[in-house]
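S.K.: Sequence and predicted model, in that order:
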Amino acid sequence: MNLVTLDDIRAAAADIAPTVLRTPLLAAPWDDGLWLKPESLQPVGSFKLRGATHAVARLDPDARARGVVTHSSGNHGQALAYAARAAGVPCTVVVPEGAPEVKVARMRAFGAEVLLVPPARRLAEAQRIVAETGATLVPPFDDRRIIAGQGTVGAEIVADLPDVDVVLVPVGGGGLASGVATAVKALRPSTAVYGIEPLLAADARDSLAAGRVVTWDVELTYRTCADGLRTNLSELTLAHLRDRLDGIVTVTEEEIRAAAGRLIREARLVVEPSGAVATAARLFRADELPPGRTAAVITGGNADPAVLAALLTTA
């Protein structure tokens, strides 16, 4: 399988520079060995803007005129809507019912047409739109352009912390983890890269153990509060993770909420549950990780106000 390379990630970095924020690497106030990569500071509140912007930048003029379509629980949809608006490209987002309303509202605010469907129908609906309109499908993670764009997170971490020992990255569909692991291993092979996922949506753990994509039903993955990490891997992302990831660690719902609360209160970052899983691993599963200077990716901060209020009071 044709895996993404460091050259691909460097090309993506040039493509996204005018639109995407180069987020800082912040020292965690409570842990002098932990640094936080807050992708929640992006204009759309998540790392997804990187891959979406890169994918739109690579469209030819005819494809731009026909528009783009995707299926997303929220963050990728917002990112594609933002990137498409910046490039003057029409955008449609197929959203699974039950997605956070704050994310759906922002997609519409960025100019996207939003179609709500049952979770199991999201890909089929996106494919139907592509067939009827000729729009380009920009998937949330199963695409080399997306992986390369997300990989710029890893390149920035190594640039800002050249002696980083461990990088912790959340895993949903695996696009971010694939890109980050590609960049980090190419630039600093000795650094360990670990994927972190909810125990209630541990399909990546099972897929890596089985050596094939193991799919969890939505009835299982929808139990986790980390709504951005409910998606299963693809063959493409599994190939990257098998080749470049050092391991997977899972965290509980209680650990995710506690980590999010700490990030909000002490790091003063707006964080959604999905964005807190890497920090949760450092806080509660350090015995399952290598020691040393650690960078944790905070993937996003697009949470409903009620969720944020509850996280603020979580110990």
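M.R.: Everything's here; your move. Residues are numbered from 1 along each chain as shown.

S.K.: Could you export stretch 177-190 as CSV, CA atoms only?
M.R.: The C-alpha trace of stretch 177-190 is given here as CSV (Å, rounded to 0.1, in the frame of the first residue of the first chain):
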residue,chain,number,x,y,z
ALA,A,177,-2.4,9.2,14.3
SER,A,178,-1.2,7.9,10.8
GLY,A,179,0.1,11.4,9.9
VAL,A,180,1.6,12.2,13.2
ALA,A,181,3.4,8.8,13.5
THR,A,182,4.7,9.3,9.9
ALA,A,183,6.2,12.7,10.6
VAL,A,184,7.6,11.9,14.1
LYS,A,185,9.2,8.6,13.1
ALA,A,186,10.8,10.2,10.0
LEU,A,187,12.2,13.1,11.9
ARG,A,188,13.1,11.4,15.2
PRO,A,189,13.0,7.6,14.9
SER,A,190,13.7,7.1,18.6
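
S.K.: List the buried residues in that stretch.
M.R.: By neighbour count, and taking 16 or more other CB atoms under 10 Å as the criterion, the buried residues in stretch 177-190 are 177, 178, 179, 180, 181, 182, 183, 184, 185, 186, 187, 188. C-beta: built from backbone N, CA, C; applies to glycine.

S.K.: Columns secondary structure and pLDDT on top of those residues, output as a markdown table?
M.R.: Conversion of those to a markdown table gives the following (DSSP: H, G, I helix; E, B strand; the rest coil; pLDDT from 0 to 100):
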| residue | secondary structure | pLDDT |
| --- | --- | --- |
| 177 | helix | 98 |
| 178 | helix | 98 |
| 179 | helix | 98 |
| 180 | helix | 98 |
| 181 | helix | 98 |
| 182 | helix | 98 |
| 183 | helix | 98 |
| 184 | helix | 98 |
| 185 | helix | 98 |
| 186 | helix | 98 |
| 187 | helix | 98 |
| 188 | coil | 98 |
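
S.K.: Out of those, the closest to residue 310 would be?
M.R.: Of all these, residue 310 sits closest to residue 177, with 27.3 Å by CB to CB.
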